[in-house]
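fold the following.
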Amino acid sequence: MITVRRADARGHADHGWLDSRHTFSFADYYDERHMGFRSLRVINEDRVQPGQGFGTHSHRDMEIVSYVLEGALEHKDSLGTGSVIHPHEVQRMTAGRGVSHSEFNASRDEPVHFLQIWILPRRPDLDPSYEQRPFPREEKHNRLRLLASEDGRDGAVTIHQDAELYGTVLDAGAAVRHALRPGRYAWVQVARGDVRVNGEALRAGDGAALSDEAAVDVTGLGAAEVLLFDLG
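Next up, the predicted model:
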């Protein structure tokens, strides 16, 4: 079964410096029908104006993954980490028992466009930690590349949950398949372009929940970029 969450049905917050689209309930946007999917709690598509950003604030008991599509995102946190995240890099922060951080557009001239993803951890009060790794475009080109997993295999960042995150950049007509083990679920988020997922046409910003499926089949209907979550 596939259930589609259309881009234009998402929550929307326009703060001037920030334009944010919420796939699931977040901040002032609340919809009891869309509180997350399995351990996946937040997918926000954020566009931040030049020189603007999220001032220092705190989180706990959440795995936070940032995926930059355009521009550059500057990160600072209470662990002493300072970094800039670019396209084809993935940042993972384990908030655990508590961490403070800020995220700003690193450019004074260009906006930054990124996906902010929150995943519930297996257990509370983990040690806070940070990780950032590059995943060159060629590693995702017309194939699924593991970006995050509980075991951190194949160079993926480590998340503290029974979940796997894959990314792919597809040409028109290119197809990828991800087999789902019995009892597993999937979420597909279209970051850019148009695709077909298990027979459903999806466009940028659309998401889809899959259950009781043997596999996830994604075909590019044009140039596209897609994230795929395999969830327990």
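
wait, doesn't Arg5 sit right on Ala208?
Yes. Between Arg5 and Ala208 a contact is recorded at 6.7 Å, counting by C-beta atoms under 8 Å. Glycine gets a C-beta too; all of them are placed from N, C-alpha and C.

from what I can see Leu170 touches Val176, true?
Yes. Using C-beta under 8 Å, Leu170 makes contact with Val176 at a distance of 7.1 Å.

would you mind measuring from the residue nearest to Ala223 when sequence neighbours are not counted to Ala215?
Nearest residue to Ala223 in three dimensions, chain neighbours excluded: Gly193, at 5.2 Å (C-beta to C-beta, 6 or more residues apart in numbering). Counting by C-beta to C-beta, to the nearest Å, the gap from Gly193 to Ala215 is 21 Å.

which one of these two has more residues nearby?
Between Gly193 and Ala215, Gly193 has the larger neighbour count (other C-beta atoms under 10 Å), namely 19 against 11.

ok, the residue nearest to Pro134 when sequence neighbours are not counted to Arg192 distance?
Among residues not flanking Pro134 along the chain, Glu89 sits closest, at 5.0 Å (C-beta to C-beta, 6+ apart). Distance, Glu89 to Arg192, by C-beta to C-beta: 16 Å.

now do the phi/psi pair for the spatially most central residue of the chain.
Nearest residue to the geometric centre of the chain (C-alpha atoms, centre = their mean): Ile117, 4.2 Å. Note on Ile117: its backbone torsions stand at phi -120, psi 130 [degrees, to the nearest 10].
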